[in-house]
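>>> turn this into a structure:
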Amino acid sequence: MSAVNDSKFEPAVFFLTGIPVNEDIRVWISIPFCFMYVISILGNSVILFIIKTDPSLHEPMYIFLSMLAITDLGVSISTMPTTLGIFWFNSREINHNTCFAQLFFIHSFTLSESSVLLCMAFDRFVAICNPLRYASILTPPRIAKMGLVSLLRGVVLICPLPILLKKHRYCQTSILTHSFCLHQEVMKKACSDIRVNIIYGFFLTVASRGLDFLLILLSYVMILKTVLSIASHTERLKALNTCFSHICIVLFFYTSEISLAVIYRFVKNYSSLVEIVMGIIYLFIPPLMNPIVYCVKTKPIRVSIIRVVSP
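From the prediction side, this is the model:
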């Protein structure tokens, strides 16, 4: 009988908080966020367009870059509706199913992005450590399989999260800190046993992002070892320069994600503002910076863009 009564008090919606600002300046605060979204979508769309239309860019490195642009677009589109809805319309309510769907897409795209970053590290490893076999190792069919596995990995590993969340009753405070739904926060609002969520979430972090980061780190140790064996100082710099953009993107992505994971799992009594800022850096900055870094640092892409926009 008590279970029935408790279910009456289960909230039908979650309430998103986002950045706590005065209502008078909320619209003004939305301007930089809107600008970030526009740049993210425009920048990644330009990357996709340039790579598709320029035959000289139909190489493994740029195909993996196009996969990264697709995942960045997915992350931006997944977070955009609720974030701008809060700023523009003060729309803070989100029902359970919509919240679960949003966190599924957010986590799926971010996990797929981690997989793509690993593929890009493998591409640089083969190009520098085994250049004579580069074309025979990274063939178009193999690249297509790697891209498909990256996508399926994100979908398959994240699928259990909304399924597990739907089994819980949410009779505690239903206010979420962010302007979007994340599994780590939503599961804490359940009033039933969430040990399975905690264990699976930890396993997911270690077996996916943790493993990806270690493999990327290992690939760069091997790359550095190979580069240091090159006699010519100029050739060393040239080899390292091809990795610079990828290293920047890896740092943007994993630094923010690891920081957010540490806050959720190991830090107690932290400020909600710190959590909000780390969430923004984690989901908004990589899709914004990735196309900028590659457009600035990658000469073939820069030349192709200039060629397209020049009269």
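>>> so what pLDDT did the residue nearest to the spatial centre of the chain get?
Residue closest to the mean C-alpha point of the chain, counted by Cα atoms, centre = their mean, is Thr110 at 3.3 Å. pLDDT, Thr110: 95.
>>> Asp6 too?
47.
>>> picking up where we left off before, tell me which residues touch the residue nearest to the centre of the chain, please.
Listed by Cβ atoms under 8 Å, 6 or more residues apart in numbering, the contact partners of Thr110 are 71, 75, 154, 257, 283. To be clear about C-beta, it is placed using only N, CA and C from the backbone, and glycine gets the same treatment.
>>> which SSE is the fourth one in?
Yep, that's Glu257 we're talking about. helix 233-266 (DSSP states H and E).
>>> now the element after that helix, going C-ward?
Later in the chain than helix 233-266, the nearest helix or strand by DSSP H and E is helix 272-297.
>>> and whichever helix or strand comes after that following helix, what's its mean pLDDT?
Using DSSP H and E, the helix or strand that follows helix 272-297 in sequence is helix 299-309. Regarding helix 299-309, the rounded mean pLDDT is 87.
>>> from the chain's centre, how far out does helix 299-309 sit?
26 Å (Cα atoms, centre = their mean, to the nearest Å).
>>> tell me what that helix is packed against?
With contacts taken as 3 or more Cβ pairs under 8 Å, 6 or more residues apart in numbering; DSSP states H and E, helix 299-309 sits against helix 26-53, helix 272-297.
>>> these: which one's closest to Ala12?
Ala12 sits nearest to helix 272-297 of all the helices and strands packed on helix 299-309, at 23.5 Å, using Cβ to Cβ.
>>> could you give the number of residues near the residue nearest to Ser91 when sequence neighbours are not counted?
Once flanking residues are discounted, Ser91 sits nearest to Gly85: 3.9 Å by Cβ to Cβ, 6 or more residues apart in numbering. Neighbour count for Gly85, taken as other Cβ atoms under 10 Å: 17.
>>> just checking, Gly85 touches Glu93?
No - applying Cβ atoms under 8 Å, one finds Gly85 not in contact with Glu93, separated by 9.7 Å.
>>> low-confidence regions, the stretch 101-250 of the chain specifically.
When residues are selected by pLDDT under 70, those of the stretch 101-250 of the chain lie in 172-173, 231.
>>> and stretch 252-270, what's buried?
In terms of neighbour count (16 or more other Cβ atoms under 10 Å), stretch 252-270 has its buried residues at 252-254, 256-257, 259-261, 263-264.
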